[in-house]
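K.L.:
whatever this is, show me its structure:
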Amino acid sequence: MTTAPSPPLPPVPSEAAYEHVGRQAWIILWAAFLSFLFLLIGTPLAINYALHNATLPQPTEVESLRGITLIYTRDSEAPMPVVNQVGLRAGDVIRTDENARANITFYDREMGGESLALLQLRSSSELIFNQARTPRFGLSALPDRIDLKLAQGRARITAAPAGARPLHITVETLHGVVRMQGGDDIAIAVNNEVTEVIVRGGGAEVEAMNRIVILGNGRRATIALGEPPSHPLHAAINLVRDGNFQQPLGAAWTPEALVTAANPENVVIGAVSIIDSSDRKAAYFQREGNDGLHSETSLVQQIDADVLDFDSLILRMDVLLLSQNLPGCGQLSSECPLMARIDFIDATGNPRHWVHGFYLQDPVQNWPIENAEKIPSFVWFEYESPDLLQSPSLPRPQKITSIRIYASGHDYRSQVSGVGLIAR
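P.N.:
The predicted model follows:
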């Protein structure tokens, strides 16, 4: 009787195999332990990070006050006109035309929709809305943040007083960065060459080229392209260039002259020149035609300055009258031997002007004198106008377009120096 052979026994694992299995077991155990530690420590840290750093967008709306305001969004190539109020999203670009004004209101989500800050965007401006965010949870110590970029134009930003949570507003321009906080009130103007920052209330921080300048109330600073900010300057600005006539005519001032005559041949045209007068440079207006013809001899300067963000605007100049042959300021009070005219656009977009004259001779009886005053001859007379932004009889200027200094009448000799249109 034969028996079947027994099956071969399985090979006995070697000692190395046992060590390999042991290592795998330890790896699994350590991985599980580390995962446990990660969850044990990381979960509270992640929750804590979220509680202190998670944010939500703040409601933000733009409202068109007049003119055409457009919004360019990331989702559409075609701009959307602003009608009444429109909500903004991060990345939107707001542009105003040459006659437009728009308000952008940043609301406080935590305070039931109260205004957190107001930005007044002026005409011919472009603003990029980067973000407006607030912490999601009350445990967070982060501030409310508003980040903007003013690519061109002018804007005034008024922040509500700081509440339980601080407010940080950052405005980037072509030339630097402007920072403000709750309770601050600033005006920013940007063109290709320079950024100008004026503090109307509170303060601001201006940074460019690794230099930071702190501005207090009533101060301003400029940032030229590729340069650090200027030192703090007084907020008063002279809108007139070369008011002391140090440059040749044609640089800042454009001379003009006219004579009303049926036959212009052989007519004497008035002249204006820069002369040394006593201790100063002065513009000298003269005409001696002895022909009884109406004439005007002028110096004109384009200003094109927005004055909505200023509280005061005053014209200052020194006037010297030498002679005139037309009594008073003529039959219509429009022909004084020296006059100043400021052309402007009012708050409704309409062109307006303000004028003031000076004369030597008393007027003929029944000839009116309006917007003019009599001054002594051969004496420099220091003139300061009323505040043109606070006048009860003058519509409030929005934009100063030009200033014109001129002599009007028949024959005259007069001088002017120290011309300044001071905005504060």
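K.L.:
mind naming the longest strand for this structure?
P.N.:
strand 144-159 (DSSP state E).
K.L.:
only alpha carbons, please: show it as PDB.
P.N.:
Output in PDB follows, covering the C-alpha atoms of strand 144-159 (Å, rounded to 0.1, in the frame of the first residue of the first chain):
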ATOM      1  CA  ASP A 144     -12.600  97.200   8.400                       C
ATOM      2  CA  ARG A 145     -10.700  97.700   5.200                       C
ATOM      3  CA  ILE A 146     -11.400  99.700   2.100                       C
ATOM      4  CA  ASP A 147      -8.800  99.400  -0.800                       C
ATOM      5  CA  LEU A 148      -9.100 101.700  -3.800                       C
ATOM      6  CA  LYS A 149      -7.100 103.000  -6.700                       C
ATOM      7  CA  LEU A 150      -7.600 106.500  -8.100                       C
ATOM      8  CA  ALA A 151      -6.200 106.300 -11.600                       C
ATOM      9  CA  GLN A 152      -7.000 109.800 -12.500                       C
ATOM     10  CA  GLY A 153      -9.100 112.800 -11.500                       C
ATOM     11  CA  ARG A 154     -10.200 114.000  -8.100                       C
ATOM     12  CA  ALA A 155     -11.900 112.400  -5.100                       C
ATOM     13  CA  ARG A 156     -12.800 113.500  -1.600                       C
ATOM     14  CA  ILE A 157     -13.100 110.700   1.000                       C
ATOM     15  CA  THR A 158     -14.900 111.300   4.300                       C
ATOM     16  CA  ALA A 159     -14.700 108.500   6.900                       C
END
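K.L.:
flag every buried residue along that strand.
P.N.:
144-150, 153-159 (16 or more other C-beta atoms under 10 Å). C-betas here are computed from N, CA, C, even on glycine.
K.L.:
looks to me like Gln301 is in a strand.
P.N.:
Yes. Looking at Gln301 with DSSP: H, G, I helix; E, B strand; the rest coil, it is inside a strand.
K.L.:
I'd say it and Trp253 touch.
P.N.:
Yes. Gln301 is within contact range of Trp253, at 5.3 Å (criterion: C-beta atoms under 8 Å).
K.L.:
pairing partners for the longest strand of the chain, with directions?
P.N.:
Applying DSSP bridges to the sheet, strand 144-159 is found paired with strand 114-121 (antiparallel), strand 126-135 (antiparallel), strand 167-172 (parallel), strand 185-190 (antiparallel).
K.L.:
tell me which of these sits nearest to Leu320.
P.N.:
Nearest to Leu320 among these is strand 185-190 (35.1 Å), distances taken as C-beta to C-beta.
K.L.:
now the closest one: mean pLDDT?
P.N.:
Per-residue pLDDT values across strand 185-190 average out to 94.
K.L.:
still on that earlier bit, out of the buried residues of strand 144-159, the closest to Asp279 would be?
P.N.:
Comparing the buried residues of strand 144-159 against Asp279 with C-beta to C-beta places Arg154 closest, at 38.2 Å.
K.L.:
cheers, nothing more for now.
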